[in-house]
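Q: Predicted coordinates and the sequence they were generated for:
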Amino acid sequence: MAKKSIGIRRTPGQKAFRVFAYVLCIFLACLSLFPFIIMLVNATRDTPSIQSNPISFLFGTNLKRNFEILTSKDMFSPWVGLKNSLIISVCATALTVYFSTLTAYALVAYEWKLKGPFFALILAVMMIPATVTSIGFYQFMYRIKWTNNLLPLILPAIAAPGTVFFMRQFMIPALPMEIVQSARVDGASEFRTFNQIVLPIMKPAMATQAIFAFVASWNNLFIPQILLTKKEVYTMPIMVSLLNGDIYKVEYGAIYLGILLTVLPIFVIYFALSKYIIAGVALGGVKE
Amino acid sequence: MKKILALVLAAVMVFGMMSVTAMADSKITVNLWSFTDEIPGMMTKFLEAHPELAEKFEVNTTIIATTDGAYQPALDAALANGEVDLYAAEAAFVLKYAQGDASEYAAPYADLGIDVDAALAEANIAQYTVDIGTRPSDNALVALGYQATGGVFIYRRSIAQDVWGTDDPAVVAEKIGAGSGSWDAFFAAAEELKAKGYAIVSGDGDIWHAVENSSATGWIVDDALNIDPSREAFLDLSKKLVDNGYHHDTTDWQEGWFADMKKDGGVLGFYGPAWLINYTLAPNAGEGDNSSAGDWACCAPNIGFFWGGTWLLAGKNVVGTEKAEFVRDFINWVTLDATEDGLQYKWANGTLNGEGGTKDCVASGTVMAKSNGELEFLGGQNMFDAFVPANAYANGKNLTQYDETINTAWRDAVRQYAHGQVSRDEAIENFKTTVSDTLGLDVG
Amino acid sequence: MKKTKSFSYAKYGYLFSIPFVVAYLIFSLYPTINTVVLGFTDAKGMAGLTNWHFLPFEDLFKNFTTVLNAPTFRKSLVNTMILWILNFIPQISLALLLTAWFTSKRNELRGQGFFKVVFYMPNIITAASIAILFKALFAYPVGPVNSLLTNLGLTDEAINFTTMVWPTRGIIAFIQFWMWYGNTMIVLVSGVLGINPDLYEAAELDGATSSQMFWKITMPNLKTILLYTLITSMIGGLNMYDIPKLFNDGNPANSTMTTNVFIYKQAFSGSYLYARAAAASVIMFIIIAILSVLVFMMFQDSDKKMERAAKRAAKRAAKKEVG
């Protein structure tokens, strides 16, 4: 930890800067919190009042009723959805982060002939518009009978080109090869060096990408929706989307409650990982 | 780290194996695909009423919401593989499955063993639902609904009283030109209402369904885009409404539209089917002293139309298997059974899930004739009096499988013109370009 | 000696890449190749994905020329660029500013942990929920923004935002900016956290100011991460789909229809023009690839220089520790 410099006298310019910074940050924070407050408020209101006045800061009295509507629906069972979503997102996130770091390490730490082309391939994969390929993916999974199976939502996470790219970019300045060399001198195997020396240095990057990967996986709807059609394998977002299915009679109060329940677990993960991104000092580097 | 990794991999494998377990069961499985739990709920009731079938058959339900357009690609893949026995289609995309690209996968009701002509006549099924469910290639009926969504004009009694001195449906019907097929009387009435500070409708979306349905031809004729004069006229109707301030210029399903349903909404009425009354107007009428409930009534519209609905189809591979009988019985019970044991009688009277449920219009005129459609919300009026003829007026012959996309593009073009963003010709030109580029249709 | 060393370790480069390659080959390659191939066929209609034929040789690129000549595609390309620039410039500027503030050792702002967490929050809600929320905000003729504007006396009549081209583009660009600046900021902050702390310590001892440290240490060391941000944001921006589709379906008058919305509409809005959608996807891929190469070339020089500088610094630091 860097020692706090005590008793620094601030010039008027610095003071003005701090006021400006705080005002901007507080304004941005309000903007960020706004949708969550609306969501929270609407989860307690009844559908007609949401329809005639969607944005309100006054809590309603309909929370219990909304919960009853939510759970009365045959397809909405929060525990099943939570379990499935957690399995998919936790596994997918772990695979993405671990294997992307490993792949990035291969790209940074070693000199091999196909390294350049391989990196170019990873970048190219990132650039393909996913709109049309997702249907091809579905048809493929359908053909090998992997519908209603969680694996097609987990295993592809091993190849996450965007994450590999990030890890590589992070690793280049953050990982001094001298450490790797000295580990080799100590007789550590390459794999062990990676797990015990490289991974800790990559912590801030891994935490960042873990949050992104988890959120993306958790909120993913299109592919899960067409692959998972049995109640036992529904994820949380699928259950919420089914509440929306009856276009003539939409229970908005219950939907907001559903969305809220869906968002809550993300918060837990996010706050658990956020210590790595809010740390005031560098975590990486050579210090041991 | 290694431990975590090991755990993760173990979990992955376990769940991978769990999810591919085969079902060992001697029952015959019927695959039902739907986009809401409505038809699966009916299936549950059907099996309860027929325990002997429940012993022999097992229903495997697949529900995929229409959100993001996910239902159709999944259903299409399953249909192509012959793995769907019963499936539901909504008005927005039923044409594709009953008449368009996917119609080849549907089994004609007749092939299932239903005496179609006799059953249709006996139940007096609304003609437009039959037209929509009839496959043009062989003129076979492949889809029918249980609801009827023919529309009427649903108006505020107090406003009619204030402007015309009476709330009698016959008078209001005459004022808006009921059955005239034109908008002349409607605009005359709008002028009278404006003088008293009222709007005749809330937004141009309210008249769109009537305009759409009044056209003699659909959007596509001989594989080319066709702008029917009556649909083209929507440009002028919408502009006239905006320029003269005859409506509140709201957009359907938005805040302003819902607000116009309240007591001081100041809007004479809404064009809509029965579900609009039960699901939209009633919950949004307001509460207590500010409620408009009871102040509403239905009368015949100037142009017949329908809005929404769900159709039920059977997969063609069902024919000739042991499932055929079960599928036939269920379809028959849902779509054609006009007795008091049939689904539609319970649906019309709101008794499917016990007394006091929501009453709705059904496809069978026979059923509605013997059902009670009185609603307190309509001041005690029997809504079926207005809806039975309305269902007969609706037109099911001018629809295409491209309608949802084309309608969206058209309504945007009209909105642009009505609000003075583009000229009339530009609006039509932009619309044609969009249709040509996104649907690959010849636009002439 | 050096040569033999790097040679003997080369196999690990291949070895550690295997999981990625295998997963990619199994799950992504087939749909991708499928897309490219479809671009040269007549795949159309519901059965189009299973029942198609290659176009005759003289017409092999017909889908590509059709797409390139379609006014809607050209317009959507322009829209995409406009929307991306409108949201990216404020997004990266704000993210950089916040990164500078939040990583400055001298000018520590209180509650920055809270701010960092909160600023990312818009990114965790689904695009669908966000679109609904903003639709409600800008509703016409009554809605929160409109009543605010009339109450403040800024306008006499309610504004029908979604019928007007630039306001709708502005709103969509704002939503994108608002959803993603926190994400970009976190990426940049983590990049700064990865910089060797000894560099800062040394600079501090030399009496460098905050802004000197930012420009002389943070920015050069952040280049690789900035490159990542630029490339991913460009790819994400050119593939923008959710918000334009959900907020106003690409309207008014197709002015917010992005190329991806157009691709989606071709493929799934009634005609199932799979072949053309695939061709449009390939065209987009080529455009993105060209732009990415340009960006890479721009960064190339500094990238190399920086790599060397980082290594030198690390060496110095390592020496210091040993000594």
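A: In hand now; what should we look at?

Q: Give me the domain ranges for the chain.
A: Because you didn't say which chain, this covers chain A. Chain A resolves into domains spanning A:12-70, A:75-251+A:263-278 when parsed by automatic domain parsing.

Q: you looked at the wrong chain, it should be chain B
A: With domains defined by automatic domain parsing, chain B comprises B:23-148+B:308-365, B:152-307+B:374-439.

Q: that older thread, among the domains of chain A, show me which one is buried the most.
A: With neighbours defined as mean count of other Cβ atoms under 10 Å in any protein chain shown, the domains of chain A peak in mean count at domain A:75-251+A:263-278, which reaches a mean of 20. (C-beta placed from N, C-alpha, C; glycine too.)

Q: Turn the domains of chain B into TSV, including distance to C:Ala280.
A: Shown next, in TSV, are the domains of chain B (distance: least, Cβ to Cβ, whole Å):
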stretch	distance to C:Ala280
domain B:23-148+B:308-365	18
domain B:152-307+B:374-439	10
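
Q: can you redo these as CSV with mean neighbour count and distance to C:Met213?
A: Formatted as CSV, these follow (neighbours: other Cβ atoms under 10 Å in any protein chain shown; distance: least, Cβ to Cβ, whole Å):
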stretch, mean neighbour count, distance to C:Met213
domain B:23-148+B:308-365, 20, 47
domain B:152-307+B:374-439, 20, 50
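
Q: now these as TSV including distance to chain C?
A: Formatted as TSV, the domains of chain B follow (distance: least, Cβ to the nearest Cβ, whole Å):
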stretch	distance to chain C
domain B:23-148+B:308-365	4
domain B:152-307+B:374-439	4
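
Q: returning to what we had before: save the domains of chain A as CSV, and put in distance to B:Trp275 and mean pLDDT too.
A: As requested, the domains of chain A are exported to CSV (distance: least, Cβ to Cβ, whole Å; pLDDT from 0 to 100):
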stretch, distance to B:Trp275, mean pLDDT
domain A:12-70, 15, 88
domain A:75-251+A:263-278, 5, 87
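
Q: could you dump those to JSON lines with distance to B:Phe234?
A: Shown next, in JSON lines, are the domains of chain A (distance: least, Cβ to Cβ, whole Å):
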{"stretch": "domain A:12-70", "distance to B:Phe234": "26"}
{"stretch": "domain A:75-251+A:263-278", "distance to B:Phe234": "22"}
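
Q: Make a markdown table from those and add distance to chain C to it.
A: Formatted as a markdown table, these follow (distance: least, Cβ to the nearest Cβ, whole Å):
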| stretch | distance to chain C |
| --- | --- |
| domain A:12-70 | 4 |
| domain A:75-251+A:263-278 | 3 |
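
Q: Show me the residue at the heart of the chain, geometrically.
A: Went with chain A since none was named. For chain A, A:Val215 is the residue whose C-alpha lies nearest the centre (Cα atoms, centre = their mean; 2.5 Å).

Q: The intended chain is chain B.
A: Closest-to-mean residue, chain B, Cα atoms, centre = their mean: B:Gly308 / 1.0 Å.

Q: Next one: it from B:Leu276, what distance?
A: Computed as Cβ to Cβ, to the nearest Å, the B:Gly308 to B:Leu276 distance reads 9 Å.

Q: Equivalent analysis for C:Ala275, please.
A: 40 Å.

Q: thinking again about what came up before, helix, strand, or coil at the residue nearest to the centre of chain A?
A: Recorded secondary structure, A:Val215: helix (DSSP: H, G, I helix; E, B strand; the rest coil).

Q: thinking B:Arg157 is in contact with B:Thr166, fair?
A: No - assessed by Cβ atoms under 8 Å, B:Arg157 is found out of contact with B:Thr166, at 9.3 Å.

Q: Can you pull the residues of the stretch 101-250 of chain C lying near chain B?
A: C:128, C:135-136, C:139-143, C:160, C:163-165, C:249 (Cβ under 8 Å from any Cβ of the partner chain).

Q: what's the closest of those residues to chain A?
A: Distance to chain A across these (Cβ to the nearest Cβ) is lowest for C:Ala136, with 3.6 Å.

Q: which stretch of helix or strand covers the closest one?
A: Taking DSSP states H and E as the definition, C:Ala136 sits inside helix C:127-137.

Q: mind listing what's buried in whichever helix or strand comes after that helix?
A: Downstream of helix C:127-137, the first helix or strand assigned by DSSP H and E is helix C:144-151. Going by neighbour count (16 or more other Cβ atoms under 10 Å in any protein chain shown), the buried part of helix C:144-151 is C:Pro144, C:Val145, C:Asn146, C:Leu149.
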